[in-house]
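S.K.: coords please:
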Amino acid sequence: MTSGRVEPAGTHAETARRFDELVAAFVGLSEPTDVAAFLRDVCTTAELDAMGQRLQVAALVAEEIPYQEISRRTGASTATVTRVAHWLRFGAGGYAVVLQRGRV
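M.R.: As a prediction, the model looks like this:
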């Protein structure tokens with residue numbers, strides 16, 4: 001881990017299989033209303049809110065807003081801001097793809 005990269009979740013075979021199935025489920029959905037319906041069925045309200053908050057945090061981190069200000073604006077803890085910033089910089093690139101597409 002000298003590069004700062006974190007190994008992906010899913011070193012456990014069953015977790016990796018479930019992750020792959022979830023990805024396949026999303027890939028198979030082309031309509032935004034279908035994606036929304038699937039998210040509402042598979043996630044709790046708290047999970048949806050947390051994911052939305054992380055996306056807001058990632059957008060603000062990318063704008064180089066100070067962490068305390070991001071926390072104030074989003075209601076996320078500074079620990080969450082730090083964690084999202086880490087994944088934005090050293091993760092698999094998912095946040096970057098979404099942010100580059102300007103959907104936030």
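S.K.: quick one: distance of the helix or strand bottoming out on mean pLDDT in the chain to the chain centre.
M.R.: Within the chain, no helix or strand scores below helix 13-27, which has a mean of 90 by mean pLDDT, DSSP states H and E. Distance, stretch centre to chain centre, for helix 13-27: 16 Å (C-alpha atoms, centre = their mean, to the nearest Å).
S.K.: can you list the domains in the chain?
M.R.: Annotated domains of the chain cover 9-42, 44-104 [automatic domain parsing].
S.K.: go through those and pick out the most buried.
M.R.: domain 44-104 (a mean of 15; mean count of other C-beta atoms under 10 Å). (Glycine included, C-beta is placed from N, CA and C.)
S.K.: which one of the domains of the chain has the lowest average pLDDT?
M.R.: Ranked on mean pLDDT, the bottom entry among the domains of the chain is domain 9-42, at a mean of 90.
S.K.: could you dump stretch 42-55 to PDB, C-alpha only?
M.R.: Output in PDB follows, covering the C-alpha atoms of stretch 42-55 (Å, rounded to 0.1, in the frame of the first residue of the first chain):
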ATOM      1  CA  VAL A  42     -32.500  -2.100  -2.300                       C
ATOM      2  CA  CYS A  43     -31.400   0.700   0.100                       C
ATOM      3  CA  THR A  44     -32.900   2.200   3.200                       C
ATOM      4  CA  THR A  45     -33.600   5.900   3.400                       C
ATOM      5  CA  ALA A  46     -30.600   6.300   5.600                       C
ATOM      6  CA  GLU A  47     -28.300   4.500   3.100                       C
ATOM      7  CA  LEU A  48     -29.600   6.600   0.200                       C
ATOM      8  CA  ASP A  49     -29.100   9.800   2.200                       C
ATOM      9  CA  ALA A  50     -25.600   8.800   3.200                       C
ATOM     10  CA  MET A  51     -24.700   8.000  -0.500                       C
ATOM     11  CA  GLY A  52     -26.100  11.300  -1.600                       C
ATOM     12  CA  GLN A  53     -24.200  13.100   1.100                       C
ATOM     13  CA  ARG A  54     -20.900  11.400   0.100                       C
ATOM     14  CA  LEU A  55     -21.500  12.500  -3.500                       C
END
